[in-house]
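Asks: Fold the following for me, if possible:
(2 chains)
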Amino acid sequence: MSFVPVSGRGTVYTFTVMHQRDVAGFEDEAPFVNIVVELVEQSQLLMVSNLPIAERSKVKIGATVEVYFEDRGEGLVIPQFRII
Amino acid sequence: MWQGKGKTAIAGIGYSEISRRPQKPLGLLAVDACRAAILDAALSPEQIDGLATYPESPFAGAGNRDGEDVVTVAWMMNHLALAPDLRWYAQIETGMIASPIIEAVNALIAGACEYVLVWRALHRPRPRGMGGSGSGGAPRASGDAQFLAPYGGSSIVQTHALAWQRYAHRYGATREALAALAINSRRNANLNPRAFFFKEPMTRDDYFNSRWIAEPLCLFDCDVPVDGCVALILTTAERARDLANPPAYIAGYGQNTARRRTLLYYTLDDYMAHGASLANKLWASAGLGPQEMDAAELYDGFNPSTLYWIEAAGFCPVGEGASFVQSGRIALEGELPVNTFGGSLSEGRMHGMGHIAEAVRQVTGRAEQRQISGARAVCAIDGSPMLRGSGIIVTRDP
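Replies: This next block holds a predicted model:
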């Protein structure tokens, strides 16, 4: 097995809007959107990420998304998605 | 068919108080429940020569102080005057509460002991420090959590919300199905004096007006976290016939041994495959099928699990669970009464013990106002389908 680059494009496989304020590091972020993205490279190649809360009303299963990278400081850069 | 069918039985049930603000620590609630179970079977503590429990906290990082957060075998040995020559014990780390019952059944059949006390004590922990329900309290995410925690996606309720969203999309189900399940459970809890919500009815409006937890799941899609303990007495069928209550014979058991498709998050397909893994073994061991169950006590830590169990166990075809639960068939007077005691949603989060205790009550004619006339066989299944659950079938006749 080895790492293979991917395009960063995919579709929303499923999603939830989290309202509880008991997730570590996200106490002040609720409500926030979690998505499971199915990457275009392979069926059932799934990853968990986020959509901006502003896109909450547009999110649905099958929506096309693409990655962007968010710098959270202290060397932490995480992949996030937006609807395209 | 399993060679142990009908050779052991559940002979006693004991409950502690179930509440959110208990006046005593968990260990004392556990002693209350265990003493009540021993008394219910008309035994004395010194006749108990076997012990089994599943002592896990409800989530990682919730604390594990013995007698406060959890109640282990060692704690019970030190706080009940059990048989001086205690012969056997088991403390199970996976499989939830039916798994120690399965161990107890096997030990009894093997002749390792005569009377086994099985209990499950559950504390309602507060999130501590960086804890939160999903982080395990670690300052840095590692292992599988590194793919979830940075996105705030590590709480179990999100897992259930993601799977339910997928289910609703695939089969056209709506929140009406979840409302029907929650209201059914509450209606049954209103007939169960031990239930946390015994005195509180729930209307459809109550359900739809409750706050979001993780959309599309609301407050009433989650079990009610409580402090409490439920205990059972198991023995051989022969011995059980000499005790105070009619025996609830153990006709079959099963555990989920399915493999996961992905280590990052459970897909709906995982839920269904894991559910079938358990249910298929359950039916095969007892030589009984879903059509022979007079009721089904199905784990409902989160509400959609009940619907998945109904499908995975074959009570209705896959994809038809929503219309099944909305049809009235799951009511006490319906063709398949489900969670006749109120489930974890309305009795309280006893991690499957309430389900087993109720199955015993139903087949022994001890289910009070909830009694299903002539109930002969009832299944009790633990665990959300994708977790390491386990289940048993109890019958009125051996």
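Asks: Only C-alpha atoms from now on, for both contacts and neighbour counts.
Replies: Noted.
Asks: Return the list of strands paired to whichever strand or helix holds residue A:38, each annotated with direction.
Replies: Using DSSP states H and E, residue A:38 falls within strand A:32-39. Take DSSP bridges as the rule and strand A:32-39 pairs in its sheet with strand A:9-18 (antiparallel), strand A:46-51 (antiparallel).
Asks: Please report the distance of the closest residue in space to residue B:116 that isn't next to it in sequence from residue B:192.
Replies: Closest residue to residue B:116 apart from its sequence neighbours, by CA to CA, 6 or more residues apart in numbering or on different chains: residue B:50 at 4.2 Å. Going from residue B:50 to residue B:192 by CA to CA, to the nearest Å gives 30 Å.
Asks: Equivalent analysis for residue B:170, please.
Replies: With the distance defined as CA to CA, residue B:170 ends up 36 Å from residue B:192.
Asks: Comparing the strands paired with strand A:32-39, which comes out most buried?
Replies: The highest average neighbour count among these, using mean count of other CA atoms under 10 Å in any protein chain shown, belongs to strand A:9-18 at a mean of 25.
Asks: residue ranges for the helices of chain B, please.
Replies: For chain B, the helices defined by DSSP state H cover B:26-40, B:73-79, B:98-110, B:132-135, B:156-171, B:175-189, B:204-209, B:237-240, B:268-286, B:304-312, B:321-326, B:343-346, B:353-363.
Asks: Any idea which of the ones you listed gets closest to chain A?
Replies: Chain A lies closest to helix B:132-135 among the helices of chain B, at 4.6 Å (CA to the nearest CA).
Asks: So residue B:170 and residue B:192 - more neighbours on which side?
Replies: residue B:192 (22 against 11; other CA atoms under 10 Å in any protein chain shown).
Asks: got a list of what that one touches?
Replies: B:198, B:341, B:342, B:347, B:368, B:369, B:370 (CA atoms under 8 Å, 6 or more residues apart in numbering or on different chains).
Asks: next one: residue B:5
Replies: Residue B:5 neighbours (CA under 8 Å, 6+ apart): B:250, B:251, B:252, B:285, B:286, B:398.
Asks: ok, 10 Å please
Replies: The neighbours of residue B:5, taking CA atoms under 10 Å, 6 or more residues apart in numbering or on different chains as the test, are B:249, B:250, B:251, B:252, B:253, B:285, B:286, B:287, B:393, B:394, B:395, B:398.
Asks: how deep is residue B:317 tucked in, by neighbour count?
Replies: Residues near residue B:317, counting by other CA under 10 Å, number 12.
Asks: Check residue A:79 too.
Replies: Residue A:79 has 16 nearby residues by other CA under 10 Å.
Asks: Apart from its chain neighbours, what residue comes closest to it?
Replies: The shortest distance from residue A:79 to any non-neighbouring residue, by CA to CA, 6+ apart, is to residue A:69 (4.6 Å).
Asks: What of residue B:251?
Replies: Spatial nearest neighbour of residue B:251, chain neighbours left out: residue B:5 (4.5 Å); criterion: CA to CA, 6+ apart.
Asks: now the one you found: how far from residue B:282?
Replies: The spacing between residue B:5 and residue B:282, counted by CA to CA, is 11 Å.
Asks: ok, now which ones touch residue B:55?
Replies: Counting by CA under 10 Å, 6+ apart, residue B:55 makes contact with B:64, B:66, B:69-73, B:91-94, B:96-97, B:119-122.
Asks: ditto for residue B:238
Replies: Here residue B:238 is in contact with B:7, B:8, B:9, B:247 (CA under 10 Å, 6+ apart).
Asks: Most neighbours of all these, which one?
Replies: residue B:247 (31 neighbours).
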